[in-house]
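1. Sequence and predicted structure are below.
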Amino acid sequence: MDIGLLGQYLANGIILGTMYALVAVGFTLFFGVLDVIKFSHGDVLMLGAFTGFTAFLGLEAAGVADPWVQVVAVTLVAVAGTAFIGAVIARYLVLPLKSAPPLNILLVTLMLGTAIREAVRLFYPDGSNPKPFPALLPTSSTDLGNFTLRADSVILVSVGLAVIFGLHLLINRTRLGLAIRAVAQDEETAKTMGINYTMIVLVTFAIGSGAAAFAGIMNGLYYNEVNFGMGLLLGLIGFSSAIVGGLGNLYGAILGGFLFAALQTIGAVALPFASAYKDVFAFGVVIAVMAWKPTGLIAERTSDRV
Amino acid sequence: MSRAPLTATPTTWLGLPPLAVGVLFVVLASTYAWLFLHAESEPEVLVLLAVAAVAAVIGGRTGADRALSSAMTRHSGAMNGVIVLSVVAVIFLLGTEHFPLLMLTTVLLYVTAALGLNIQFGYTGMVNFAGAAFFGIGAYTAAVMTAHTSIPPLLILVLGGVMSALIGFILVIPVVRTRGHYSAVVTIAFAVLFKTFLEVNDILGGPQGLMVGSMTILGWDFNNSPVLFGIELSFYVNYALLGATLAVVAFMFTRRLERSWLGLTLDSVRLDETASACFGIGVTRAKVLAFTIGNVMTGIAGTLYGMMVSFVAPTSFTFADSLLLVAIVLLGGMGSPWGTALAAFIVIVLPEKLQIIQEYRFLLFSVLVIAMLLFRPDGLLPRKVRDYVPGWRADT
């Protein structure tokens, strides 16, 4: 295989990995603070992409034509709007169910995902058809031998990685991050130390949902399309990535996201069967990893309390 | 204890003994099911729904539910007989109508599959989000075997279950080793993997799917319409009767399993693995057993489903369908077979009947489930605490 094609696949894999990691980070943050899996995460991502798309239409209508202004505004509106929605979901649906059996929470959030998906399909104007997401980033490209480096890919990857790094700093270097980690470690003790528990949970859900919205915008910019069903598979992949990496661990989620993208890319390129089997291969490896490491690659440091 | 008067003194309702109440209830319920399956216009369906809601409230206020559950425990043999008879009666009353019978049979097969899942997570506490995949394994087994072999279809029914169990064995190591959410991701990954595999695999028909041969027992092809008293019935009557047989067998099996020492083992594994292990219970063995039994039941139901609809495609066995099965078990109440049956009826039939909201039915359905789990998290008919001595009656 020539080096150019390999580079193309590598670039594609890194973009996918960044997106998956951003989704997985949300799952792992929610699990950290509340010990719940919020399965509507993928559909929240879709909602973020649609919010961004609506913002773009609004900007067009308002006569703002500069693509840089547009892309920044679209991203900000989507992230802020989705973060708010995430906090609302946490306040009114997830927090009340905190002590319910995990399976019930899983089902409630799965159903919420269905509800969001259906609501967008039914109530968004012409929502059942895919929407052409605008190509707001410069489309110029540099030829490096056989390998075409697209400017938009470079921007997407660097901004995506910057966001992941920013999340890392937020969790590990700020007072807010300290509070989030404290709540994740021990809810009761964190409360006695004067941490506003509800507030931290809501903020965490806002951060996670914002990250998902960012991934949604990335997805829209990269594929130039958004549709109401895009969140389902992305959510499942994000969840699998978070689990494979080890729930509750930020680095586990990032590792899992890139691992899943790598598996998909390897499945599409390097294996002897048709590239259509890439998802079969990736999910098959996920199952195998779970058999090998039942609590994920970076295991939670917990012990059984009997 | 609210259970004490239930077994100590015979519970009457409006002066009727429990058995009479029970029989009356079954007759009313099956008439209701018949009317519901029959109902064609929207107002009819809405009126019937209102009737059910009012009846449930009145029954609860006047103590009919206690008389009923007393009938179920004290006259279980007679009650079960009456219920089976009434199901058969409903099948023959629907006799000539294809669509209601198709729905009824689908309900019966989903009950069988959901009972399998019930053993997995109602009793043993193992989540399985790949129910539709195991259902699909059965259906695809039926498709391949009816097309390429001359194995008698009744045997294929068994083989569908065996196949489902065998493929389940691939998952058994990760599923048994993992817990909770980690276990969920294994089955979710399998559900997605299974559907994607079917879509891209040309031998199994790809996205177009495969045709499935019909069921044949002793030379009687199920796609022939039976003639009774000179009336030509729908060929679905065949499938409905066999589906009812499967559901009844699955039901009896689940009840027996629950009452046995095995059921006790499964319950204890669900409640506390560590404590069970301390008492010498083989946790791994119990989990493998429950997982396999559940998959066999789901697979068998899927096999007959494939034969009935005579066509299988990957789109019938998506992750969303697996969720539907999980929703049935949770809505009915975990570990409660009657709840499972009731929930299966509601989940399958209601969306079909409310065509006026056709476009909005998934939305309404998901909102309904969310509301249900928020306000009645134990399900429609919650499972009761296990009797210390099964079948024990204070008054005899």
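-> Yep, that arrived.

2. Kindly report the residues of the stretch 151-300 of chain A close to chain B.
-> By Cβ under 8 Å from any Cβ of the partner chain, the residues of the stretch 151-300 of chain A that approach chain B are A:232-233, A:236, A:239-240, A:243-244, A:247, A:274, A:276-277, A:279-280, A:283-284, A:286-288, A:290-291, A:294-296. Every C-beta, even on glycine, is put in place using the N, C-alpha and C of the backbone.

3. Go ahead and build a PyMOL selection from the buried members of those.
-> Here is the PyMOL command that selects the buried residues among these (16 or more other Cβ atoms under 10 Å in any protein chain shown):
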select buried, chain A and resi 232+236+239+240+243+244+247+276+277+279+280+283+284+286+287+290+291+294+295+296
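
4. which residues touch stretch B:150-162?
-> B:137-139, B:141-142, B:145-146, B:213-217, B:295-297, B:299-300, B:302-304, B:306-307 (Cβ atoms under 8 Å, 6 or more residues apart in numbering or on different chains).

5. hmm, back to that, next step: the residues of the stretch 151-300 of chain A next to chain B restricted to helices.
-> Counting by DSSP state H, these place A:232-233, A:236, A:239-240, A:243-244, A:279-280, A:283-284, A:286-288, A:290-291 in helices.

6. Pick out whichever of those sits closest to residue B:38.
-> Closest approach between these and residue B:38, by Cβ to Cβ: residue A:232, at 35.8 Å.

7. quick revisit: between the ones in helices among the residues of the stretch 151-300 of chain A next to chain B, which is nearest residue B:229?
-> Distances from residue B:229 to these, taken by Cβ to Cβ, are shortest for residue A:232, at 50.7 Å.

8. Distance from the chain centre to stretch B:380-388, please.
-> In terms of Cα atoms, centre = their mean, to the nearest Å, the centre of stretch B:380-388 is set 18 Å apart from its chain centre.

9. avg pLDDT for that stretch?
-> When pLDDT is averaged along stretch B:380-388, the result is 73.

10. Name the residues of that stretch that come out as buried.
-> B:380, B:381, B:383.

11. which SS class is the first one?
-> When classified by DSSP: H, G, I helix; E, B strand; the rest coil, residue B:380 comes out as coil.

12. Could I get the full set of strands for the chain?
-> Here I'm looking at chain A. Counting by DSSP state E, the segments of chain A that form strands are A:131-132, A:141-144, A:147-150, A:225-226.

13. My question was about chain B, not that one.
-> Going by DSSP E, chain B shows strands at B:210-211, B:216-217, B:220-221, B:227-228, B:231-232, B:311-312.

14. Next, format those strands as JSON lines and append mean neighbour count.
-> Below are the strands of chain B laid out as JSON lines (neighbours: other Cβ atoms under 10 Å in any protein chain shown):
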{"stretch": "strand B:210-211", "mean neighbour count": "16"}
{"stretch": "strand B:216-217", "mean neighbour count": "16"}
{"stretch": "strand B:220-221", "mean neighbour count": "12"}
{"stretch": "strand B:227-228", "mean neighbour count": "10"}
{"stretch": "strand B:231-232", "mean neighbour count": "11"}
{"stretch": "strand B:311-312", "mean neighbour count": "21"}
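
15. Next one: residue B:61 relative to residue B:54, how far apart?
-> Separation of residue B:61 from residue B:54 (Cβ to Cβ, to the nearest Å) stands at 11 Å.

16. got it, and residue A:226?
-> The gap separating residue A:226 from residue B:54 is 46 Å, by Cβ to Cβ.

17. show me where the stretch 51-200 of chain B has helices.
-> With DSSP state H, counting those that start in this stretch as the criterion, the stretch 51-200 of chain B has helices at B:64-74, B:76-94, B:98-117, B:131-148, B:153-177, B:180-200.

18. out of those helices, nearest to residue B:284?
-> Per Cβ to Cβ, nearest to residue B:284 of the helices of the stretch 51-200 of chain B: helix B:153-177, 5.6 Å.

19. Fine by me, we can end here.
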